[in-house]
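[1] sequence? don't have it. structure:
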C-alpha cells in the first residue's frame, strides 16, 4: 500500500532518522507492504526508497493541554524522555513541534496509528 510523505520528510526517512509515521484511521496492519512515495508534483507519485513491510502498528493518541503535549501509545502515557524520542524518530525536533504539526493539520485529540517499518517500539 502507498504511504505518502511530504517532501520535507523524505531525507529523514532515507537517512534513517524518521523510522515510523503517524496516520489517521485503522487501515495499516502488520505484514502489509509499504511503497514509500511522495507527491512532489501534483498528481504524480514518486517512490523514494525501496519498498518495506509494516513490522508493527501501535495505537496513538495526541492531545493538547496546558503545558507539554500528552501522547499515549497503546493506552500508555509516554514519559517526557520517551515522548522526545518518539518526536525525533518521527521527524520532529521536539515534542512541541510534533504537537504543533498535529494542531495545525488535525483536530485534537488525534487518534490514529503509529506505523513501524523497523524494530523500534514504545
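    Received the coordinates, thanks. Treat the numbers as computed from the prediction; the structure is a model and nothing was measured.
[2] buried residues, the helix or strand hosting residue 12. List them.
    When elements are assigned from DSSP states H and E, residue 12 belongs to helix 10-14. Residues 10, 12-13 are the ones in helix 10-14 that count as buried (16 or more other CB atoms under 10 Å). In short, each C-beta sits where N, CA and C put it, glycine included.
[3] buried residues, stretch 93-113. List them.
    For stretch 93-113, burial by neighbour count (16+ other CB under 10 Å) applies to 95, 98-99, 101-102, 110-113.
[4] returning to what we had before: tabulate the buried residues of helix 10-14 (CSV), appending pLDDT.
    As requested, the buried residues of helix 10-14 are exported to CSV (pLDDT from 0 to 100):
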residue, pLDDT
10, 95
12, 97
13, 97
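[5] output the residues you listed as CSV; include the columns distance to residue 119.
    Below are those laid out as CSV (distance: CB to CB, whole Å):
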residue, distance to residue 119
10, 22
12, 18
13, 16
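[6] nearest residue to residue 109 other than its sequence neighbours?
    Ranked by CB to CB, 6 or more residues apart in numbering and with sequence neighbours excluded, the top spatial neighbour of residue 109 is residue 63, at 4.3 Å.
[7] identify the bridge partners of the one you found.
    Listed by DSSP bridges, the beta-bridge partners for residue 63 are residue 70.
[8] from memory it sits against residue 108, does it?
    Yes - contact status for residue 63 versus residue 108: in contact at 5.8 Å, counting by CB atoms under 8 Å.
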